[in-house]
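>>> Compute the structure for the input listed below.
(2 chains)
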Amino acid sequence: AAGVIQSPRHLIKEKRETATLKCYPIPRHDTVYWYQQGPGQDPQFLISFYEKMQSDKGSIPDRFSAQQFSDYHSELNMSSLELGDSALYFCASSWGEGGYNSPLHFGNGTRLTVT
Amino acid sequence: KQEVTQIPAALSVPEGENLVLNCSFTDSAIYNLQWFRQDPGKGLTSLLLIQSSQREQTSGRLNASLDKSSGRSTLYIAASQPGDSATYLCAVINQAGTALIFGKGTTLSVSS
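Sure thing, here's the model as predicted:
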């Protein structure tokens, strides 16, 4: 079965650079979520989109922005990168807003390293 | 503010043992609770989802229970195997939001 696809798998950037992470949800899933997981930490919610509109917002820094496109894929844009942004970034998708009735399915993540 | 706690933080058992992982949450106004498995450096794999109106869900050797009024859930793993070694995360969705709120996980090690 098709899963959530994230690209790239690994990304190395320098401080103050920008990065774009991409997420392709499971077919027919209309909701996308972004999570950040620091080393040894639990995943922290950043932002979610339902039917291409922002649905909920968590601890996403102002330096980050995201959007969901007409084909339901999503991109997380990160600017003015800081060392503390180094983390695993997960995308998840579900059918229906909020994951109330269907489980969230996570991608394998993008490991971002800021040097 | 919803807080999710998982006990124990780490657990080591010999192969074949039955075990229980615990999860507690402070705000009982949840939509659902989900258990995930995470292998080192990997993504999260959904194991079981329990709606707030449900008491338990089963999948193979896994059984998850939910007591919403007391803010507790347990994940029961029967006849543990070395391949079960991973970090198990519990997460809830509040009625007031859409984001999963995670516990810090229980790291399980099953020795052969």
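>>> pLDDT score for the closest residue to B:A10 other than its chain neighbours?
Sequence neighbours aside, B:T107 is the residue nearest to B:A10 in space, at 4.6 Å (criterion: C-beta to C-beta, 6 or more residues apart in numbering or on different chains). C-beta here means a position set from N, CA and C on the backbone, and glycine is covered the same way. At B:T107, the pLDDT value in this model is 97.
>>> Likewise for B:V4?
95.
>>> now do B:S112
B:S112 is given a pLDDT of 92.
>>> For it, the count of nearby residues, please.
8 (other C-beta atoms under 10 Å in any protein chain shown).
>>> hang on, the earlier thing: quick one: contacts for the residue nearest to B:A10?
By C-beta atoms under 8 Å, 6 or more residues apart in numbering or on different chains, B:T107 lies in contact with B:9-11, B:86-88.
>>> element containing it?
strand B:106-111 (DSSP states H and E).
>>> Tell me which residues of that strand come out buried.
Using 16 or more other C-beta atoms under 10 Å in any protein chain shown as the test for burial, strand B:106-111 gives B:106-108, B:110.
>>> ditto for stretch B:57-67
For stretch B:57-67, by 16+ other C-beta under 10 Å, it's B:57, B:62-66.
>>> Going by distance to chain A, which of those residues wins?
Nearest to chain A among these is B:Q57, at 10.4 Å by C-beta to the nearest C-beta.
>>> OK, contacts around the residue most central in space within chain A?
By C-alpha atoms, centre = their mean, the mean C-alpha position of chain A lies nearest to A:W34, the distance being 3.1 Å. Contact analysis of A:W34 by C-beta under 8 Å, 6+ apart lists A:23, A:45-48, A:60, A:66, A:74, A:76, A:89-91.
>>> that older thread, mark which of the contacts of B:T107 are buried, thanks.
The buried subset of these - by 16+ other C-beta under 10 Å - is B:11, B:86-88.
>>> hey, C-alpha coordinates of stretch A:39-49 in CSV?
Taking C-alpha atoms only, stretch A:39-49 is exported to CSV below (Å, rounded to 0.1, in the frame of the first residue of the first chain):
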residue,chain,number,x,y,z
PRO,A,39,17.0,14.4,19.3
GLY,A,40,15.5,12.3,22.1
GLN,A,41,12.3,14.3,22.1
ASP,A,42,8.7,13.5,21.3
PRO,A,43,7.2,14.9,18.1
GLN,A,44,6.0,18.4,18.3
PHE,A,45,3.1,19.6,16.1
LEU,A,46,3.9,22.4,13.8
ILE,A,47,1.0,23.0,11.4
SER,A,48,-1.8,21.1,9.5
PHE,A,49,-3.8,21.6,6.4
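>>> Report whether that stretch contacts chain B.
Yes - Stretch A:39-49 lies within reach of chain B by C-beta under 8 Å from any C-beta of the partner chain, at A:41-45, A:48.
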